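>>> have a look; sequence and predicted model below, questions after that.
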Amino acid sequence: MVKTFSFPSVYEATIREYYTSNDPILGFSKIKLDGVDYIVGLQALFEGVSPHKAINASPSDADYRIISQSAILLASNSCMSNSKFVKLPNLSITTGFPFATFQSNKEEAEEYYKSEKVITYYKAEENGNTITEQKLIPACKVSILPELAGCDIALRKGENPIDGNFIIISLGYGTCEGAVSKPEGLLSKSTFSTHGMSYAVDLFTQELNKNAYLRLKTDHQVDQIFTKGFVYIDRKRKDFGEEKRRSLQLYYSNVISPAIKRYMSDEDFEICSKIVLVGGGAYHQDLVNLFTEEFGEFCPITSVPSPEKCASIGYAINSKLVSGTEIADKDALSYVPEDSTTQYIGIDIGNATTCVSILL
């Protein structure tokens, strides 16, 4: 069984005190990094003015460290809520990066997660007080994977595993990636990495600026509007569904379709039984319909439940796979860990959403 938490990948520096609320997912009001306080996740979206995060940040960037330490803290607190642990267990963590940045970030990420950390954070109490807490996160066993490989593990070894050959396409906010998946692994020559959903959101922003004043909203705030397809301005609801559809159409025709044509051959489609869509972009039915229009007649289009969680679930399964215990012929999600002192974690630092999966 895998339990997954998710929160928006945004933060904002603050000097305010938050006496009445904690982030509903993360469980704290602020986190401290290098002497500066930050609100993170939903707390940043609700309380902040300019919540943000750089696209495809590296482990040395403050953006990455703030979000990743929030994710690690969430994972450790969740482990401690598990009744079988009386102290923080050893953490085996797998995370990853898009193919475009994987090689440049791999070694740095390994060193970052292996190092011992003391995380300082603040919590609002019911009596209106704020308390400061610190948690020591010991050195972790770490694996770094290409993000698409994590998704492939989830599809093949998670719930309702998929067999045979198929095409996997990840519709992330920062990057769109795809490859032919075979039981032996991803086919290298078919692998591509290109612009993500942020391309469509940028187009959507241009359309919105023609009809509304966005009050200097950040890209992530506009992405919230893009996802909903409407926004309230001057206490009136304005529907931007048509602008969203046009943006997705341009994104698909300018970016996704050309990438597939360049990297996927006729032979690839001949051996594959379906196209599987993962990543948060798979929630946009208008985008899924564009895939169906182009490929549906000869290669059915399908997506998975909670597609934005696919990578982190695969990462968590991988953390168990690299532990030395053979589970390749078993359902990884129903497998009971033999080592009760280790918790297997998957962390996907997405550009729009961060997901933390724990293999229970």
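Now that the structure is in, tell me what you want to look at.
>>> ok, and the closest non-adjacent residue to the most centrally placed residue in the chain?
Nearest to the mean C-alpha position of the chain, counting by C-alpha atoms, centre = their mean, stands Gly350 at 3.5 Å. Among residues not flanking Gly350 along the chain, Ser9 sits closest, at 5.5 Å (C-beta to C-beta, 6 or more residues apart in numbering). Yep, even glycine has a C-beta here, placed from its N, CA and C like the rest.
>>> any idea how far that neighbour is from Ser81?
Distance of Ser9 to Ser81, given as C-beta to C-beta, to the nearest Å: 23 Å.
>>> between the two, which is the more surrounded one?
Legend: neighbour count by other C-beta atoms under 10 Å for Ser9 and Ser81, higher for Ser9 (30 against 9).
>>> where does this structure dip in pLDDT?
82-86, 216, 324-340 (pLDDT under 70).
>>> tell me which residues in the longest helix along it are buried?
Of all the segments of type helix in the chain, defined by DSSP state H, the longest one is helix 62-81. By neighbour count on 16 or more other C-beta atoms under 10 Å, the buried set for helix 62-81 is 62-79.
>>> can you give the distance of whatever helix or strand comes next after it from its chain's centre?
Downstream of helix 62-81, the first helix or strand assigned by DSSP states H and E is strand 90-97. Computed by C-alpha atoms, centre = their mean, to the nearest Å, the chain-centroid distance of strand 90-97 equals 14 Å.
>>> what sits against the residue nearest to Gly350?
Applying C-beta atoms under 8 Å, 6 or more residues apart in numbering to Ser9 gives the contacts 53, 67, 220, 349-354.
>>> chain center to the longest helix of the chain: distance?
The chain centre lies 14 Å from the centre of helix 62-81; the measure is C-alpha atoms, centre = their mean.
>>> strand 90-97 and that helix, what's the angle between them?
With axes from the mean of the first three to the mean of the last three C-alpha atoms, to 10 degrees defining the directions, helix 62-81 sits at 150 degrees from strand 90-97.
>>> CA atoms only for helix 62-81, dumped as CSV, please.
Taking Å, rounded to 0.1, in the frame of the first residue of the first chain, the C-alpha atoms of helix 62-81 are listed here in CSV:
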residue,chain,number,x,y,z
ALA,A,62,16.8,27.9,-2.6
ASP,A,63,13.6,27.0,-4.5
TYR,A,64,14.5,23.3,-4.5
ARG,A,65,15.8,23.2,-0.9
ILE,A,66,12.7,24.9,0.5
ILE,A,67,10.3,22.6,-1.2
SER,A,68,12.4,19.5,-0.7
GLN,A,69,12.9,20.1,3.0
SER,A,70,9.1,20.7,3.4
ALA,A,71,8.6,17.3,1.6
ILE,A,72,11.1,15.5,3.8
LEU,A,73,9.5,17.0,6.9
LEU,A,74,6.1,15.8,5.7
ALA,A,75,7.4,12.3,5.1
SER,A,76,9.2,12.1,8.5
ASN,A,77,6.1,13.4,10.4
SER,A,78,3.9,10.9,8.6
CYS,A,79,6.3,8.1,9.5
MET,A,80,6.2,9.0,13.1
SER,A,81,2.3,8.9,13.1
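>>> ok, Thr175 to Thr194 distance?
Per C-beta to C-beta, Thr175 is found 7 Å from Thr194.
>>> comparing those two, which residue is more hemmed in?
Shown here are Thr175 and Thr194; by other C-beta under 10 Å, Thr175 has more neighbours (26 against 18).
>>> how close does the residue lying closest to Glu17 once chain neighbours are set aside get to Ala44?
The shortest distance from Glu17 to any non-neighbouring residue, by C-beta to C-beta, 6+ apart, is to Thr130 (5.8 Å). Taking C-beta to C-beta as the criterion, Thr130 is separated from Ala44 by 17 Å.
>>> neighbour count for these two, which is higher?
Ala44 (27 against 15).
>>> what residues of the helix or strand the more buried one falls within count as buried?
Per DSSP H and E, Ala44 falls inside helix 42-47. Counting neighbours by 16+ other C-beta under 10 Å, one finds that the buried residues in helix 42-47 are 42-45, 47.
>>> same deal with stretch 258-267?
Those would be 259-260, 263-264, for stretch 258-267 by 16+ other C-beta under 10 Å.
>>> got CSV for those residues, with secondary structure and distance to Leu359 too?
Shown next, in CSV, are the buried residues of stretch 258-267 (DSSP: H, G, I helix; E, B strand; the rest coil; distance: C-beta to C-beta, whole Å):
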residue, secondary structure, distance to Leu359
Ala259, helix, 33
Ile260, helix, 33
Tyr263, helix, 32
Met264, coil, 32
